[in-house]
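Novice: Sequence first, then the predicted structure:
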Amino acid sequence: MSIALSIIDIADKEAKKANATKVTEIELEVGQLAGVEYRALEFAFESAVKNTILENARVKIHKPKGKAICVDCKASFETSNLFSACPKCGGFFYNVISGKELRVKTLLVD
């Protein structure tokens with residue numbers, strides 16, 4: 001619920017900056033490694049937007065896949081969790097390069 005409320009707060013502030021009265025579309029980026037349960041976010045968001053600037057907005061959620069680069073062998077690979085071993089060398093030390101995103105990507109306002 002706190003993530004949904006933060007999204008509403010961001011949208012409200014940005015809409016006010018643009019002198020808009022409503023948001024018609026919001027595009028979110030929530031990576032697969034961000035630790036967010038998508039169904040829970042959608043449920044919380046649906047409840048939280050009532051009587052707000054986002055009440056009738058179309059919501060698009062992009063879900064970038066997890067990608068990492070192994071520190072040991074420099075292999076690049078996809079991962080669905082933060083505890084996978086490198087498929088090339090079996091190492092567990094890697095830098096996540098995508099999939100942890102959690103942001104408002106775009107807003108369309110009137």
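Specialist: Received it, and whenever you're ready, just let me know what you need. Numbers count the residues shown, from 1 in each chain.
Novice: Okay, and the beta partners of residue 79?
Specialist: residue 66 (DSSP bridges).
Novice: list the contacts for the spatially most central residue of the chain?
Specialist: By Cα atoms, centre = their mean, the chain has its centre lying nearest to residue 30, at 1.8 Å. By Cβ atoms under 8 Å, 6 or more residues apart in numbering, the residues touching residue 30 are 36, 38, 41, 61, 62, 63, 101, 102. Yep, even glycine has a C-beta here, placed from its N, CA and C like the rest.
Novice: Filter those down to the buried ones.
Specialist: Taking 16 or more other Cβ atoms under 10 Å as the criterion, what is buried in the contacts of residue 30 is 36, 41, 101, 102.
Novice: which residues touch the last one?
Specialist: The neighbours of residue 102, taking Cβ under 8 Å, 6+ apart as the test, are 3, 29, 30, 31, 34, 36.
Novice: Equivalent analysis for the first one, please.
Specialist: Each residue near residue 36 by Cβ under 8 Å, 6+ apart is listed here: 3, 30, 102.
Novice: Narrow those residues to those in strands?
Specialist: 30, 102 (DSSP state E).
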